[in-house]
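Visitor: I would like the atomic coordinates for the input below:
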Amino acid sequence: MKKIILLTVIAVFSFGSINAQDEVIEKAKSGSFYAGANIGLPLSTSSDVSSFNFGFDVAYLFELIDNLELGGLVGYTHYIGDGSYSHYNNGNVLITNYKDASFIPLAATARYYFADHKFFGGLDMGVGINVSGDAKTGFYARPKFGFNLGPVALIASYQSISGGTDYNNYGNNGNNGNYYVTTSGFNSFNFGVEYGF
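Guide: Prediction:
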């Protein structure tokens, strides 16, 4: 008798688990695409090597539970180099301009809606893959806040890519030796628009 009850309980939970997975799959099929573009101002040490940031991204989200959407995101973000650094090469001190840095973010994304879907808070987390410049690939995070205007939303966000970069500066530390100017990563405050379809 105990074995029959145990098997019945296992069967019920297994059936419930399969139904829950089917519900998630059905919700994923009825998700939405979002395409956005943004501009930003570099912050912290990234403002020492860059003057401006712009980017765009495409995300696919589906509603997991009421007001909570989950999905994935891919994009492109570009930091425009600003200023120069000195370095030693074959007995000469050379002055070199900071290079632009470009990344492809690959991230999981989530957002939660408030006030009848008028406002939302969200978070993208993943990796920012460096595709140009002297920067390194690093952890990508982008908390954001949005205001819905129908199919268009206005979004303010803080973007952080942790990889950083090192620049070999010569002769600026008082003993004519080499030292590195190191950025802690590429961070920016961004403002943009997004279209959902």
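
Visitor: which ones are touching the closest residue in space to residue 161 that isn't next to it in sequence?
Guide: Of all residues not flanking residue 161 in the chain, residue 128 sits nearest, at 3.7 Å (CB to CB, 6 or more residues apart in numbering). Yep, even glycine has a C-beta here, placed from its N, CA and C like the rest. Residue 128 makes contact with 77, 103, 104, 105, 137, 138, 139, 140, 161, 162, 163, 186, according to CB atoms under 8 Å, 6 or more residues apart in numbering.

Visitor: give me the pLDDT for the fifth one.
Guide: The pLDDT attached to residue 137 in the predicted structure is 92.

Visitor: which one of the contacts of residue 128 has the most neighbours?
Guide: residue 186 (33 neighbours; other CB atoms under 10 Å).

Visitor: partner residues bridging that one?
Guide: residue 161 (DSSP bridges).

Visitor: wait, it touches residue 40, no?
Guide: No. Contact status for residue 186 versus residue 40: not in contact, 10.0 Å apart, counting by CB atoms under 8 Å.

Visitor: what sits in contact with each of these two?
Guide: In contact with both residue 186 and residue 40: 53, 159, using CB under 8 Å, 6+ apart.

Visitor: so what's the closest residue to residue 78 other than its chain neighbours up against?
Guide: Excluding its sequence neighbours, the residue lying closest to residue 78 (CB to CB, 6+ apart) is residue 102, at 4.8 Å. Applying CB under 8 Å, 6+ apart to residue 102 gives the contacts 76, 77, 78, 79, 130, 131, 132, 133.

Visitor: what pLDDT does the model give residue 102?
Guide: For residue 102, the model assigns a pLDDT of 94.

Visitor: likewise residue 165?
Guide: 80.

Visitor: repeat that for residue 179.
Guide: Per the predicted model, pLDDT is 50 at residue 179.

Visitor: residue 76 versus the nearest residue to residue 107 once chain neighbours are set aside, what's the distance?
Guide: The shortest distance from residue 107 to any non-neighbouring residue, by CB to CB, 6+ apart, is to residue 126 (2.9 Å). From residue 126 across to residue 76, the span is 14 Å (CB to CB, to the nearest Å).

Visitor: low-confidence stretches in the protein?
Guide: The chain contains residues with pLDDT under 70 at 1-29, 87-89, 167-182.

Visitor: what packs against the longest strand along the chain?
Guide: With secondary structure taken from DSSP state E, the chain has its longest strand at strand 50-65. Here strand 50-65 touches helix 2-29, strand 32-43, strand 68-81, strand 101-114, strand 186-196, going by 3 or more CB pairs under 8 Å, 6 or more residues apart in numbering; DSSP states H and E.

Visitor: okay, now residue 73: neighbour count?
Guide: Neighbour count of residue 73, defined by other CB under 10 Å: 22.

Visitor: just to revisit the earlier point, out of the contacts of residue 128, flag the one nearest to residue 63.
Guide: Closest approach to residue 63 among the contacts of residue 128 (CB to CB): residue 105, at 22.8 Å.

Visitor: I'm done for today, thanks for sticking with me.
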